[in-house]
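Novice: give me a 3D structure for the following:
(2 chains)
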Amino acid sequence: MTDLGELRRETAEPGGPLLPAPDVRTAPADEPAPAPRRGAADPVKALLHRHRELCEQAVDPLEIAAGLEAHGVTDRTAARFRHRDVFSLAEELYARVPRDGDSRPPAATAVPRARADWIVLTLLPGALCAASLTALRLTHGQTRLLAAAAGVLAVALALRAALRRGPLSTGDRTATAPRRSTTASWTCWLIGYALLGDGLLGAAITGGPDGLPTGAAEGDWPFTTAPVLALALACAPAAWTAHLFSAHARRRLASSRGLEDFAASARPALLGAFALFLCALAALLALSAAFLDEPFAHPQTLALGALLLLARLLTVHGFTHAPKVILVATVTAQAAALATVFAARLPGCAALATPVDTLVTAWGPAAVPTLTCGAAALILLVHASRRLTRASAHTHPERPR
Amino acid sequence: MRIGLLTEGGYPYVSGGAGLWCDRLVRGLDRHEFDVYAFSRGEAQEDEGWVPLPPQVGRVLTAPLWTAGDDGVVYGRRARRRFTEHYGELAAALCTAADPAAPEADRFATALYGLAELARDEGGLVAALRSETAVRALERACRAPRALRAAREARVPDLLAVAAHLEQALRPLSLDWYEEDGLGAVDLCHATAGGAAALPGLLAHHFFGIPLLVTEYGVRLRTHYLTRPDSSPAVRALLAAFHGRLAAETYRRAAFITPGNAHARRWQERCGADRAKLRTVHPGMDAAPFDEVGESQEDADPHTLVWVGRVEPAKDLVSLLHAFAEIRKEEPGTRLRIIGGPSGAEGADYLGHCRALAAQLFPDEAEGPHSVGANPVSFEEIGGPDLPTVADAYASGAVTVLSSVVEGFPVGLVEAMLCGRATVSTDVGAVVEAIGGTGLVVPPRNPRALAEACVSLLRDPARRARLGAAARARALELFTVEQNVAAFHGLYLETVARTPVRRLRLNDSGDPLPFATPAEARVPGHWTDRTPRAVPVWAADPPVGAATPAPTTEAAR
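Specialist: Numbers count the residues shown, from 1 in each chain, chains lettered A, B, ... in the order given. This is a model prediction of the structure:
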């Protein structure tokens, strides 16, 4: 009976490893129990040892009961431990197992990793755009038209592919979203305005345009291709900043204790990612302007890039309503600006063009997109800093099985 | 009578788990009308389609539980406040320790019905349950002073996980089934499982006072405990609280609860089911395929033991093989046939292990020096030329052995009983309940006891015959489809008989008409022609005087 003596000594220790507090509710250990198998004084102890992990992790006695039953413990087995049924046995186990309160370290959440496929895909629009602009320079006449069409098509397809994968993709959210946000057409208008709008506005103020654009950077209705090239190239930094932001958010999600903590740490991350993107875009803009020998068009392109990035970020995280409204409003403002200039040519309506005229004479035609896109981007930034810093924006939507 | 059958991942779908049972029930009760309200479990299941439905199934409404469409409703200030209040109550009820004095249960139920009413009035519950408002309410409840310790330790990912799970679990609240012409039009809701399937029944009870009958062959709460082992303690504690409270509320509101066996019954009692409401209804099995074997005892080889089932570790075939080694010492000519395929990859591994063990324990043996030998343990599968059906498998042996360490309701054992075979089984799950006194029962993981019981049966043909006949008689009495269907038929009638008439007819001025719905309205089938329902003339007239009796039942809510 040496093991019995050891057991007794162990149970008598106040801070014993197995029994931190003597349990008066259950079968007392110092009364010789009818030995179930090998003559242990405390039959439950062996059971506790065998199912230690189950008992330590259980959140209530019923969980232990379910686990015990899955291991083949029945009421007949429980009777050997001098219990009426499995439930009361489980209650004893639950009461006896030490719970020192050391919660397990938070499980490492799956932080999205940078993957080669989307990295390559986000480089594609920029490359294709540069290639088609080069082709436009080298061709003339009919061939030039064909090259332009092919270039637009290629860039659109590449953009679509880049937005399907990686951090800029909406992933599974579109499956559960009620309506797919149809922001594509509004985005097209904004990019189209960046390409043609300033030239058109400038020409319209001075009484033109007298013909269709020739595709050259000079002339009556000039193209400004540098912003478009810069925006196409900016797909890659956009994806990277979105990736950095979501990875940071996911990491903070795992480590933060409360929702306020998370919001407080996510806000600087969002603003940092946004600033990083703006810097990258400015650099790319300078590069592409130098490459295409065009004047710098910084403010309006930066504003447009910021607007598009924020709209995409919000959409990616499931907030589709605000980006759509803001994009529509921006497009409407730009279209209205153009329309008032043309409408002013009608007899008696000359006053219509006064606001745009004043604006353009003061700051040039770039003032219209700068103001509209800038204001929109600012509104979206405020909105994003409230919405994207919520923890619920960074959950994985469940996959349909 | 019109019965709303609530199923989850089951009946009308081809690949449903409990589909066969529901199908038999619906076909067996052809004098009643059935409306099937089904939750599907996945896209694959929906694609596979439905089983052919009998004409008594009036309509089938399905809803997916695996995905939820957002209806695009954005709450205004008042609705948002209502949502925050109810969801906060729900979260607080989950986060505080369960109190036997039961105000918590009321709190949980009030919050649940509050959310359901909100969803019915305004819609948009799915988006609200996913929103930050919900997570914040959950956080507040977890940080409250009287919260559970596990809940207080909840971190942000835990909160998000709980919120996501609650959103999933509360999807039935957003359905459009709770209308006067939907679940309000049935006389009785029969939930074929607990948990999500019973939730529409609870709401129908709440909104329209429809009685609810809950059948559970496996207790949903127990399944929940067994299937969510990997989350953090906070998540498990909160979700266990949710499912426990939901089960308690279901049991409290149900008119009757029908567990499939005593094991489920014990769990239900433990979760707060009133004993007076519990009626054990054993699963029914089709006895016809086993009749031929059950009636004749000729082709049983007196020296063969049979084990039939899906091979998996829980069946403890190793212990059976060791027991068989003991049997061979006593009765050298005995053979053991293990019949059944593996279930899953784990089962395949286990089968290989068992084959190796059998080859090791028992050398091949032949009748004479010039014949080819064979192992006394054979592993076979049903469907081959010598074992075309399950009944043939049982028929091929004198004694059927069950050696499981874990078992729910032992279907194989009941099949052996229907075949009139003497059985030796281990004392697990509902085995003792099924076998009664008509077979031998030994403790699990005890090869020696198993061997002794087998040997005693192998040596005593008369006892085998007696036990087999008794087993068949018992199975025919307790475990047939007919008794199952008859039990539910009786329960339906009893439930409705206890439920007062709730549809009040109103006259032109909006006062209730007493006796306007006669008792014959519940006669099964069409009891009238196309002519309008016969109402006593004096009842159709506006009541004279102001002494209109107050309605004793609530019309809608």
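Novice: now residue B:357, nearest residue through space, not along the chain?
Specialist: Using CB to CB, 6 or more residues apart in numbering or on different chains and skipping the chain neighbours, the partner closest in space to residue B:357 is residue B:321 (5.5 Å). Quick note: C-beta positions are derived from backbone N, CA and C, even for glycine.
Novice: same check, this time on residue A:85
Specialist: Nearest one to residue A:85, counting by CB to CB, 6+ apart, is residue A:75 at 4.7 Å.
Novice: what residues does the one you found make contact with?
Specialist: Residues near residue A:75 by CB atoms under 8 Å, 6 or more residues apart in numbering or on different chains: A:84, A:85, A:86, B:266.
Novice: residue B:316 versus that one, what's the distance?
Specialist: 19 Å (CB to CB, to the nearest Å).
Novice: what parts of the stretch 251-400 of chain B come near chain A?
Specialist: For the stretch 251-400 of chain B, the residues in contact with chain A (CB under 8 Å from any CB of the partner chain) are B:266, B:270, B:271.
Novice: A helix includes residue B:58, no?
Specialist: No: Residue B:58 is assigned strand when assessed by DSSP: H, G, I helix; E, B strand; the rest coil, not a helix.
Novice: now do it: how many residues are near it, please.
Specialist: 15 (other CB atoms under 10 Å in any protein chain shown).
Novice: I'd say it and residue B:2 touch.
Specialist: Yes: counting by CB atoms under 8 Å, residue B:2 is a contact partner of residue B:58 at 7.3 Å.
Novice: what do those two both touch?
Specialist: Here residue B:58 and residue B:2 have B:33, B:34, B:35 as joint contacts, going by CB under 8 Å, 6+ apart.
Novice: three-state assignment of the last one?
Specialist: Using three-state DSSP, the structure places residue B:35 in strand.
Novice: filter the contacts of residue A:75 down to the buried ones.
Specialist: The neighbour-count criterion (16 or more other CB atoms under 10 Å in any protein chain shown) marks A:86, B:266 among those as buried.
Novice: would you list the contacts of residue A:75 in TSV and tack on pLDDT?
Specialist: Below are the contacts of residue A:75 laid out as TSV (pLDDT from 0 to 100):
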residue	pLDDT
A:84	88
A:85	87
A:86	89
B:266	88
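Novice: hmm, back to that, tell me the one of the residues of the stretch 251-400 of chain B next to chain A nearest residue A:369?
Specialist: Taking CB to CB as the measure, residue B:271 is the one of those closest to residue A:369, at 64.8 Å.
Novice: now do the strands in chain B.
Specialist: B:2-8, B:33-40, B:57-64, B:188-191, B:212-216, B:256-259, B:301-308, B:335-339, B:377-380, B:397-402, B:422-426, B:440-442, B:505-506, B:512-513 (DSSP state E).
Novice: rank those by pLDDT, which is bottom?
Specialist: Mean pLDDT per stretch puts strand B:505-506 lowest among these, at a mean of 66.
Novice: what does the stretch 101-250 of chain B have sitting close to chain A?
Specialist: By the rule CB under 8 Å from any CB, the part of the stretch 101-250 of chain B lying against chain A is B:130-132, B:134-136, B:139, B:143, B:149-150, B:153, B:155-157, B:159-160, B:163-164, B:168, B:221-222, B:225-226, B:229, B:232-233, B:236-237, B:240, B:244.
Novice: can you flag the buried ones in those?
Specialist: The buried subset of those (16+ other CB under 10 Å) comprises B:130-132, B:134-136, B:139, B:150, B:153, B:155-157, B:159-160, B:163-164, B:168, B:221-222, B:225, B:232-233, B:236-237, B:240, B:244.
Novice: from what I see, residue B:327 and residue B:305 are in contact.
Specialist: Yes: between residue B:327 and residue B:305 there is a contact at 7.4 Å, judged by CB under 8 Å.
Novice: common neighbours of the two, please.
Specialist: Jointly contacting residue B:327 and residue B:305 under the rule CB under 8 Å, 6+ apart are B:334, B:454, B:458.
Novice: shaky segments in the stretch 101-250 of chain A?
Specialist: Applying pLDDT under 70 to the stretch 101-250 of chain A picks out residues A:101-112, A:114, A:171-182, A:208-220.
Novice: residue boundaries of the helices in the stretch 251-400 of chain B?
Specialist: B:262-270, B:288-295, B:317-330, B:344-361, B:390-395 (DSSP state H, counting those that start in this stretch).
Novice: residues near the residue nearest to residue A:161 when sequence neighbours are not counted, how many?
Specialist: Closest residue to residue A:161 apart from its sequence neighbours, by CB to CB, 6+ apart: residue A:121 at 5.3 Å. Close neighbours of residue A:121, defined as other CB under 10 Å, add up to 24.
Novice: wait, residue A:121 sits on residue A:162?
Specialist: Yes: Residue A:121 is within contact range of residue A:162, at 4.5 Å (criterion: CB under 8 Å).
Novice: can you flag the weakest of the helices of the stretch 251-400 of chain B by average pLDDT?
Specialist: Mean pLDDT is lowest for helix B:288-295 out of these, coming in at a mean of 83.
Novice: show me what counts as buried in that one.
Specialist: Neighbour counts using 16+ other CB under 10 Å place B:289, B:290, B:293, B:294 of helix B:288-295 among the buried residues.
Novice: contacting residues for the residue nearest to residue B:433 when sequence neighbours are not counted?
Specialist: Closest residue to residue B:433 apart from its sequence neighbours, by CB to CB, 6+ apart: residue B:262 at 4.9 Å. Residue B:262 is in contact with B:280, B:430, B:433, counting by CB under 8 Å, 6+ apart.
Novice: sorry, back to before: so which of the residues of the stretch 101-250 of chain B next to chain A are in helices?
Specialist: Counting by DSSP state H, these place B:130, B:132, B:134-136, B:139, B:149-150, B:156-157, B:159-160, B:163-164, B:168, B:221-222, B:225-226, B:233, B:236-237, B:240, B:244 in helices.
Novice: quick one on the thing from earlier: roughly how far apart are the residue nearest to residue A:85 and residue B:429?
Specialist: 11 Å.
Novice: before we move on, what about residue A:336?
Specialist: On the measure of CB to CB, residue A:336 and residue B:429 end up 75 Å apart.
Novice: who has more neighbours, those two?
Specialist: Taking other CB under 10 Å, residue A:336 and residue B:429 do not tie; residue B:429 has more neighbours (24 against 14).
Novice: how many neighbouring residues does the closest residue to the more buried one other than its chain neighbours have?
Specialist: In space, and not counting its chain neighbours, residue B:429 is closest to residue B:407: 3.5 Å by CB to CB, 6+ apart. Residue B:407 has 25 neighbours, counted by other CB under 10 Å.
Novice: which ones are touching residue B:407?
Specialist: For residue B:407, the contacting residues are B:314, B:426, B:428, B:429, B:430, B:431, by CB under 8 Å, 6+ apart.
Novice: which one of those sits closest to residue A:57?
Specialist: Ranked by distance to residue A:57 (CB to CB), those are led by residue B:314 at 21.5 Å.
Novice: would you confirm that that closest one contacts residue B:403?
Specialist: No: counting by CB under 8 Å, residue B:314 does not reach residue B:403; the two are 10.2 Å apart.
Novice: and these two? Which one has more around it.
Specialist: The residue with more neighbours, out of residue B:314 and residue B:403, is residue B:403; 26 against 19, by other CB under 10 Å.
Novice: and that one, what are its phi and psi?
Specialist: Taking degrees, to the nearest 10, you get phi -120, psi 20 for the backbone angles of residue B:403.
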